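[1] I need the structure of the sequence given here:
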Amino acid sequence: MRFDLTDLRLFRNVVEAGTITGGAERTHMTLASASERVRGMEAELGVALLLRDPRGVAPTEAGRTLLHHARAVLLQMERMHSELGEYGAGLKGHVRLLCNTSALTEHLHEALSGFLALYPRISVDLEERASHDIVEALRSELGDIGIVSDAVDLAGLETFVFREDHLVLVVPRGDALARRRRAALREVAGREFVGLTGGSPLQELVSHNAKRLGRRLAYRVRVRNLEAVCRMVEQGVGVGIVPQTVAARCARSMKIAGIALTDDWAVRNLMVCVRRRQDLPSNAQLMLRHLLAAP
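    Model (predicted):
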């Protein structure tokens, strides 16, 4: 059985992408070459590694075993390259960083730009996901570092407080609620809302907790970013739910007011999490230290 690193990298990318086409693109390979390599691996082993259907591919039991070992081998190679990088001018490491909406939009840019300036030979693969997706990805070794809400189950991960990230209700400054300091979602669930477009992790969190109350929020409009939510609220289109930092920043230039939400799920911290700190590649360890030291 002879698999090279390209075979292992391709197979990992195919499984993570869910299609051979996507895996080929991630590996910078033609579809024909990728398909031939996968078939060759299956022929070499004498078993199917992928279940194929019109929607994509999924690993068989044998494929999951290969995937586990492929990730371990590739991670070890990445560590080696990272640790030898300072001796070889051409070597460059990278870190896989997953974060939720609030971390990405409000808290990460300064820390990340500082890290990239400090370590110009390290690149970062940054992906926005819902917090619950991030912890599952870390458990499956599909990322190095995650930044998530502490509202999700973090069992099995090492965690570190990154930032406070309380959610608030935003209303027009002239709204009757603007005089309130606190409110619960149940009290305003009958109002018309401004929300984020489908697929937003923050929007999923709000909608999920409204359903737990037996309510379905009515959205007048859905927009692409948190600042646009505040702008629509200012115009009287509806009320919205955004991180406290967003509300405070937008209130400096918009006629809106932020009201603290008393629901447990809205009073939260952002957590940096990893599988095991000591097992991180050296590049990821550098980033972890930088994130935890960033003001």
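[2] switch to C-alpha atoms for all contacts and neighbour counts from now on
    Will do.
[3] tell me the secondary structure for Ile258?
    Rather than Ile, residue 258 is Gly. At Gly258, secondary structure determined by DSSP: H, G, I helix; E, B strand; the rest coil is strand.
[4] Now the residue lying closest to it once chain neighbours are set aside: phi and psi?
    Computed as C-alpha to C-alpha, 6 or more residues apart in numbering, the closest residue to Gly258 that is not its neighbour in sequence is Val170, at 4.6 Å. The phi/psi pair for Val170 (degrees, to the nearest 10) reads phi -110, psi 140.
[5] and Ala183, bridged to which residues?
    Taking DSSP bridges as the rule, Ala183 bridges to Leu261.
[6] Where do the strands of the stretch 1-150 of the chain begin and end?
    All strands of the stretch 1-150 of the chain, identified by DSSP state E, counting those that start in this stretch, fall at 50-53, 56-59, 93-99, 122-128, 145-149.
[7] Off-centre distance for the first helix or strand past the last one going along the chain?
    Moving toward the C-terminus from strand 145-149, the first helix or strand encountered (DSSP states H and E) is strand 158-164. A distance of 15 Å separates the centroid of the chain from that of strand 158-164, by C-alpha atoms, centre = their mean, to the nearest Å.
[8] What residues of strand 158-164 count as buried?
    Residues 159-160, 162-164 are the ones in strand 158-164 that count as buried (16 or more other C-alpha atoms under 10 Å).
[9] what angle do that strand and strand 145-149 make?
    Interaxial angle, strand 158-164 versus strand 145-149 (axes from the mean of the first three to the mean of the last three C-alpha atoms, to 10 degrees): 60 degrees.
[10] just to revisit the earlier point, show me what contacts the residue nearest to Gly258?
    If you count contacts by C-alpha atoms under 8 Å, 6 or more residues apart in numbering, Val170 has them with 230, 233, 239-242, 247, 256-259.
[11] and of those, the nearest to Ala137?
    Using C-alpha to C-alpha, Val242 comes nearest to Ala137 of the contacts of Val170, at 25.2 Å.
[12] tally of neighbours for that closest one?
    By the measure other C-alpha atoms under 10 Å, the count of residues near Val242 is 25.
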